[in-house]
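Asks: Sequence plus predicted model, see below.
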Amino acid sequence: MKRNRLILAALIAGVALTSTSVSFSFAWYASATRLRVENIVLEVDTERELLISNAIDGEYKPRVSLADGDLEKTSLFAPVTTAFGYTWEGEDMPKFYDMSYSQVKFSGEPYVYEAPKRGYFCQELFLKADDNLYVTIKTDDYPGDDPTPNTRITPNVAMNEAYAEELVEKRGQFSKEEYVERLNGIVDCARVAVLIDDNFIIFNPNKSDEGEVYYGGALDNDRDHYYDYYQDQTTHELYEVFYGELKEGYERSDLVYTDPESEDSVLVGEWSAFNAIHKAGVHRLDLEASKPFIQTEQSYSPEDFSWDKGFLPTFQFELDAYVPKRIVVAFYLEGWDLDSHNAPMGAYFDLELIFRIVRER
């Protein structure tokens, strides 16, 4: 299968972006394991004429391959975050940030670095229809229609099984079945985002009821198995570093810290940047008490786009007849998702993003 390939095609019911055998480098957390993009496909599927192009003045076709240099290539992926979205409001391309650095200012505030473009997939595309339409993301079928593909992110089980065999031979810490289960968990922190008409939509096809994703907390970014900490320049007391974004109107002084303990905490479970040791003599960040001040991910679930019970989808956008519509599609790993930990390093998964027509305007 050819790598870094993007195909666009017009067929019968929506727009589908499919990424096969995608992997990430978990440099944010505990490893530099390299993962690869094997294939990316975008399909247009509608009863009406819906054409696509990778340039506004390009040739619009029902099916066009972007494999020969038209696609902005992606190779090695790394966890990124959509936190700090206010920094690029009004711009024509989204920005993603890398929170893997352990450097902080004298105040204890971490430096915020924009993620390298190679760390995620982001592509500008254009749609054009022969009618005035409302379009949305497809997550289910119309009542009574024959089943067609829906937007989803699924583990590539075959490739994960092959990689699991390598891990058993090289590391042997877990059985093959356990490694496969861990690798398949990659889908829980993968995201799709679409920028349309200044609206930045984050879609989590595998969103669960486990709670919100908070864009902040303590991390072990220097990988010494202790949460990172700094020394207050006035009191000379040690405090754990808060990485991430606060809600508007709140400051770092609003965060809640506990008094230092005389001994290190005991690590429970598997070490990762999220799960490390609280060092003795350091004021510990009280994450639960601080959550009211921390920004959260505003993402959509499949139910938000569902036709269940005949309700219109929560999100939809307009297409004007014969007028190109610019969209930006992004595919990334949300580093602040607690499922983004060490277990799925090296995993593969498949992405299918499908847009469909809601109704005529």
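Replies: Everything's here; your move.
Asks: For this structure, give me the ranges with low pLDDT.
Replies: 1-50, 61-77, 143-146, 308-312 (pLDDT under 70).
Asks: for it, what spans make up the helices?
Replies: Secondary structure of the chain, counting by DSSP state H: helices at 157-170, 176-184, 287-290.
Asks: Pick the most deeply packed of the ones you listed.
Replies: helix 176-184 (a mean of 19; mean count of other CB atoms under 10 Å). C-beta coordinates here come from the backbone N, C-alpha and C atoms, glycine included.
Asks: could you give the angle of that helix to helix 157-170?
Replies: Counting by axes from the mean of the first three to the mean of the last three CA atoms, to 10 degrees, helix 176-184 lies at 120 degrees to helix 157-170.
Asks: hang on, the earlier thing: out of the helices of the chain, flag the one nearest residue 343.
Replies: In terms of CB to CB, the element of these nearest to residue 343 is helix 176-184, at 3.9 Å.
Asks: Packing partners of that closest one?
Replies: Helix 176-184 makes packing contacts with helix 157-170 when contacts are defined by 3 or more CB pairs under 8 Å, 6 or more residues apart in numbering; DSSP states H and E.
Asks: got a list of contacts for the helix it packs on?
Replies: 21, 173-177, 179-180, 183-184, 346-348 (CB atoms under 8 Å, 6 or more residues apart in numbering).
Asks: now do stretch 249-266
Replies: Contact with stretch 249-266 is made by 107-109, 226, 237-240, 242, 246, 277-286, 289-290, 293, as judged by CB under 8 Å, 6+ apart.
Asks: distance between stretch 81-100 and the chain's centre?
Replies: In terms of CA atoms, centre = their mean, to the nearest Å, the centre of stretch 81-100 is found 12 Å from the chain centre.
Asks: Please identify the buried residues of it?
Replies: Of all the residues in stretch 81-100, those buried under the rule 16 or more other CB atoms under 10 Å are 81-85, 94, 96-100.
Asks: now the end-to-end length of that stretch.
Replies: End-to-end span of stretch 81-100 (CA to CA, to the nearest Å): 10 Å.
Asks: one step back: I'd like the helices of the chain laid out as CSV, including distance to residue 126.
Replies: As requested, the helices of the chain are exported to CSV (distance: least, CB to CB, whole Å):
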stretch, distance to residue 126
helix 157-170, 32
helix 176-184, 35
helix 287-290, 43
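Asks: Looking at the contacts of helix 157-170, which is nearest residue 58?
Replies: Comparing the contacts of helix 157-170 against residue 58 with CB to CB picks out residue 21 as the nearest, at 27.7 Å.
Asks: Pairing partners for the longest strand along the chain, with directions?
Replies: Criterion DSSP state E: the longest strand present in the chain is strand 349-360. Sheet partners assigned to strand 349-360 using DSSP bridges are listed as strand 15-22 (antiparallel), strand 133-137 (antiparallel), strand 152-155 (antiparallel).
Asks: Next, find the distance separating residue 78 from residue 100.
Replies: Distance of residue 78 to residue 100, given as CB to CB, to the nearest Å: 7 Å.
Asks: Now residue 228. Nearest residue, chain neighbours left out?
Replies: Among residues not flanking residue 228 along the chain, residue 241 sits closest, at 4.4 Å (CB to CB, 6 or more residues apart in numbering).
Asks: Then residue 78?
Replies: Closest residue in space to residue 78, ignoring its immediate chain neighbours: residue 119 at 4.1 Å, by CB to CB, 6+ apart.
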